[in-house]
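Asks: here is a sequence with its predicted model. Questions after.
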Amino acid sequence: METLGTRLLSLPRHPTSKTVNNDHDDPVLSRINQCTNLNQLKQIHAQMLRTGLFFNPYSASKLFAASALSPFSSLDYARKVFDQIPKPNLYTWNTLIRVYASGPEPLQGILIFLRMVDESPYYPNKFTFPFVIKAAAEIVSVCVGQALHGMVIKASLGADVFISNSLIHLYLSCGDLDSAYRVFMMIGEKDVVSWNSLITGLAQKGCAEKALELFRRMDAESVKPNDVTMVGVLSACTKKLDLEFGRWVCSYIERNGISVNLTLSNAMLDMYAKCGSLEDAKRLFDMMEEKDIVTWTTMLDGYAKLGEYEAARRVLDIMPRQDIAAWNALISGYEQNGKPKEALAIYHELKLSKIAKPDEITLVSTLSACAQLGAMDIGRGIHAYVKEQGIQLNCHLTTSLIDMYSKCGDVNKALEVFYSVERRDVFVWSAMIAGLAMHGHGRAAIDLFSRMQEATMKPNSVTFTNVLCACSHAGLVKEGKTFLNQMEPVYGIPPEVQHYSCMVDILGRAGRFEEAVEFIEKMPIVPSDSVWGALLGACQIHGNVELAEKACSRLLELDPGNHGAYVLLSNVYAKTGKWDSVSRLRKHMRVTGLKKEQGCSTIEVNGVVHEFLAGDNRHPLSKEIYSKLDEIVARLKSVGYVPKKSHLLQLIEEDDLQEHALKLHSEKLAIAFGLLYMEAPQPIRIIKNLRVCGDCHSVAKLVSRLYNREIILRDRYRFHHFGGGHCSCKDYW
DNA sequence: ATAGGGTTAG
């Protein structure tokens, strides 16, 4: 135990320096700077305690700085050193705040700052503020930031360019663009970092155009940009997918002799890849003498996002170290390009190989793949993994879990996740509203929207799409109108085309065609294909031939390859018995080479996803499935089921052939398969890529009664819960 | 008496 006594006893061992004037004069202090590992530093620490040198605040500050800032430092050890120092000086306090601010627990930086103000004799100085403001930026606290900004002004440090630059960074990281800009304007002598802070922050916050504008102004005011500036500018180009300007920036860098370090090369590489020029990316990649893990991952991601999966895979296989980001790039490449099965295969490979540990991003991508596929067993497995690993649910992960459970058909489980978390951002709320909406719980979705406001969470444009979608699925016309009308005046969110589409859908489903048409004519933006699609969909439900033809032709003007439009129109003709028109349409489709998108149903049994196409024999158990289907149809007919032939797109003359074609619809195969191979109380969950047809809908209702089985069917637009002969959509879809 | 702000991939 070191005591005051030891210190005094040891003092005579430093006869030449009663006060230390220069680090080089003192052999111990100069040794601190020569340490190359923690053990050496600990030996000096021990010696300083023995000799008492440690109790000189200046000497202690030197030791502490080395323990906190040197390349071999450890925060744990640094903190122990700090706690031993009886009277840390201002430099020591500042250094501790600094290391916390850029470490894993920035909040500690703020708390240390408060302790310093409270218990030390020092006032924060011009060095303190940049560190503590950095901590506030890291925890994204605009309140703490504003309080610090106030202290800066009170301390008459408002003119310090270092502090101002930190404040710009802080305000931008909290999304307060106006304040950031105000601070920027107040700086008398802006330096290159002032510009960089603003440009980089704007680029990161999705204001790419503003960032580029600022870069032009910087040029005009002849402030010389540096490499960091160019990284920010390239990042803005990347966000805008502006290859042309990106190329110009690369040549600007060359022309102006800006030093190209690894970070800047990586930013250029990312710009080329994300803006779609794999050739440029590949050329740069091959030319780069120094590559780090970011270089490899950027290249991999570029290939994966542009669908060059083999090339992406090759990069993964040859890169020096496969960290989790590399795997994530491949998984999300598949998942975002609508290849969820491939995404899951990579995830499984990752788990088996144990090369890297899945992180939140891996899980978010994989859950999204599960949601696309309706693979709930696998999704549940991931949820279990999250719990097993003690991973805290952040808002991203919460949103993904809610989305996965909703889209896999278990909205109650989604609600359970929703209620289990403490933190809910606008995405979490919106996902839950969407989940309720797609399951037809329109009222519950709207109630949740009210609760969201009670929680003072500001809705965004997506929230409103989901709320309007809820109104549509539940047939809530009046409510839908109210929400749409409130968007701009009450919430400051101008309605976009998807909101108008939802409103047309709401009016159309309710059969209020005149109103719907008038609404389209009066809407303040040009109606898109989705608006006409919504009208056409409503015409199908109500069998409105005249309007269907009009909507279809408008839709085809905007999107000539939309085969769904033909299917819907054909359905309207069939529903109203206009078989010659059906025939004409068929012929037209044949001539123009338009094919109906193939219907496909998937069902997951024990973690394996089985896929069925209409009339398909690919399944190894195909024979059993078809005989089960025969049995089902026979049993249904015995209680009076008559196949609804109007739901055929093909024009088949003979009656039994028509019936046969209907029987082969993929969702019926999946139902038969589910009845055969899924244990009784568990519901049969099916995902269909297109809208479910009326005949399959009736069959599912009857099966749910006669076989006493719950069937949950997700089609392209919503969920159908069949039970006891009824469907949750109340035959309104 | 020591020092500070802005940087790329998922």
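Replies: Great, that's in hand.
Asks: please name the nearest non-neighbouring residue to A:A180.
Replies: Spatial nearest neighbour of A:A180, excluding adjacent residues (C-beta to C-beta, 6 or more residues apart in numbering): A:Y171 at 3.7 Å. C-beta here means a position set from N, CA and C on the backbone, and glycine is covered the same way.
Asks: so that neighbour sits against A:V183, correct?
Replies: Yes. Counting by C-beta atoms under 8 Å, A:Y171 does reach A:V183; the two are 6.6 Å apart.
Asks: check which helices and strands the longest helix along chain A sits against.
Replies: Longest among the helix segments of chain A by residue count, using DSSP state H, is helix A:622-638. Applying 3 or more C-beta pairs under 8 Å, 6 or more residues apart in numbering; DSSP states H and E, one finds that helix A:622-638 contacts helix A:666-677, helix A:694-706.
Asks: kindly export the longest one (C-alpha atoms) in CSV.
Replies: C-alpha atoms of helix A:694-706 as CSV (Å, rounded to 0.1, in the frame of the first residue of the first chain):
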residue,chain,number,x,y,z
GLY,A,694,-61.9,-16.4,-56.0
ASP,A,695,-62.1,-20.2,-56.4
CYS,A,696,-59.1,-20.9,-54.3
HIS,A,697,-60.5,-18.5,-51.7
SER,A,698,-63.8,-20.5,-51.6
VAL,A,699,-61.8,-23.8,-51.4
ALA,A,700,-59.7,-22.5,-48.5
LYS,A,701,-62.8,-21.4,-46.7
LEU,A,702,-64.5,-24.8,-47.1
VAL,A,703,-61.3,-26.7,-46.2
SER,A,704,-61.0,-24.7,-43.0
ARG,A,705,-64.5,-25.9,-42.0
LEU,A,706,-64.5,-29.5,-43.3
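Asks: figure out which of the helices and strands packed on helix A:622-638 is closest to A:A548.
Replies: helix A:694-706 (16.0 Å; C-beta to C-beta).
Asks: report the angle between the closest one and helix A:622-638.
Replies: 80 degrees (axes from the mean of the first three to the mean of the last three C-alpha atoms, to 10 degrees).
Asks: and the angle for helix A:694-706 with helix A:666-677?
Replies: Using the same axes, to 10 degrees: helix A:694-706 against helix A:666-677 is 20 degrees.
Asks: quick check: angle from the host helix or strand of A:E604 to helix A:694-706?
Replies: Using DSSP states H and E, the element containing A:E604 is strand A:600-605. Calculated by the same axes, to 10 degrees, strand A:600-605 forms an angle of 20 degrees with helix A:694-706.
Asks: and strand A:600-605, how far from the chain's centre?
Replies: Its chain's average C-alpha position is 26 Å from that of strand A:600-605, according to C-alpha atoms, centre = their mean, to the nearest Å.
Asks: in that strand, what's buried?
Replies: Within strand A:600-605, the residues that count as buried by 16 or more other C-beta atoms under 10 Å are A:C600, A:S601, A:T602, A:I603, A:E604, A:V605.
Asks: and DNA strand B, which of those contact it?
Replies: With the criterion set as C-beta under 7 Å from any atom of the strand, no member of the buried residues of strand A:600-605 is near DNA strand B.
Asks: now these in JSON lines, with distance to A:T465 and pLDDT?
Replies: What follows is the buried residues of strand A:600-605, written out as JSON lines (distance: C-beta to C-beta, whole Å; pLDDT from 0 to 100):
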{"residue": "A:C600", "distance to A:T465": "26", "pLDDT": "89"}
{"residue": "A:S601", "distance to A:T465": "27", "pLDDT": "91"}
{"residue": "A:T602", "distance to A:T465": "26", "pLDDT": "89"}
{"residue": "A:I603", "distance to A:T465": "29", "pLDDT": "90"}
{"residue": "A:E604", "distance to A:T465": "28", "pLDDT": "86"}
{"residue": "A:V605", "distance to A:T465": "33", "pLDDT": "88"}
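Asks: now for the residues you listed: which two are most distant?
Replies: Across the buried residues of strand A:600-605, the longest distance by C-beta to C-beta is 16.5 Å; it joins A:C600 and A:V605.
Asks: sorry, back to before: looking at the helices and strands packed on helix A:622-638, which one is packed in the most?
Replies: helix A:666-677 (a mean of 24; mean count of other C-beta atoms under 10 Å).
Asks: tell me the helix or strand right after it.
Replies: Following helix A:666-677 in sequence, per DSSP H and E, is strand A:684-688.
Asks: what packs against that next one?
Replies: Secondary elements touching strand A:684-688 (3+ C-beta pairs under 8 Å, 6+ apart): strand A:600-605, helix A:666-677, strand A:711-714.
Asks: right, I'll leave it there.
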